[in-house]
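*Asks:* Quick one, structure for this:
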Amino acid sequence: MTWMTVPTCLLAGHDYAGWHWIDDIDKGTIVKVMTGPCAGRYRIVGHKWQSRKGGPIPSWMSDFDLVLQTCTGASGMGFSLAQRLEPETGTPAPSSGGRNREAAPRGRG
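*Replies:* Next up is the predicted model:
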């Protein structure tokens, strides 16, 4: 598992190392990052997929507070996209700014 914080919090893990599931977390699920600069509670708001591995950071990533990424077989990468929640209320955090958008459905193919 690796992470970065700019332009957003990104947690990425190799599918073959047990992280194959992080791009398929059900929309609405609350996830909790326990430690590090991205620690907090987040709600999954959507998913994306791209038909390549590696390359530059997609510009859409900055629209979300947390991106969970893994490879999807030999051809691409999948993403679960999340917004930060207030610790007590479960409502979107004000620090999210305009980034609390829902993601468009992803397609694989």
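
*Asks:* Name the residue closest to the centre of this protein, please.
*Replies:* The chain has Val67 as the residue nearest its centroid, 1.9 Å off, counting by C-alpha atoms, centre = their mean.

*Asks:* for that one, phi and psi?
*Replies:* Main-chain torsions, Val67, degrees, to the nearest 10: phi -120, psi 130.

*Asks:* quick one: contacts for it?
*Replies:* Contacts for Val67 (C-beta atoms under 8 Å, 6 or more residues apart in numbering) come out as 8-11, 61, 79-82. Backbone N, C-alpha and C define where each C-beta goes, glycine included.

*Asks:* Tell me the most packed of the residues you listed, by neighbour count.
*Replies:* Counting neighbours by other C-beta atoms under 10 Å, Leu81 leads the contacts of Val67 with 30 neighbours.

*Asks:* so how far is the helix or strand that contains that residue from its chain's centroid?
*Replies:* Leu81 is part of strand 76-84, with elements assigned from DSSP states H and E. Here strand 76-84 shows a centroid-to-chain-centroid distance of 3 Å under the convention C-alpha atoms, centre = their mean, to the nearest Å.

*Asks:* helices or strands up against it?
*Replies:* For strand 76-84, the helices and strands in contact under the criterion 3 or more C-beta pairs under 8 Å, 6 or more residues apart in numbering; DSSP states H and E are strand 40-50, strand 66-72.

*Asks:* Single out the most deeply packed of these.
*Replies:* Per-stretch averages of neighbours, counted by mean count of other C-beta atoms under 10 Å, single out strand 66-72 among the helices and strands packed on strand 76-84, with a mean of 23.

*Asks:* Pairing partners for the worst-scoring helix or strand of the chain on mean pLDDT, with directions?
*Replies:* Ranked by mean pLDDT, DSSP states H and E, the weakest helix or strand in the chain is strand 2-4, scoring a mean of 74. In the sheet containing strand 2-4, the strands it pairs with under DSSP bridges are strand 9-13 (antiparallel).
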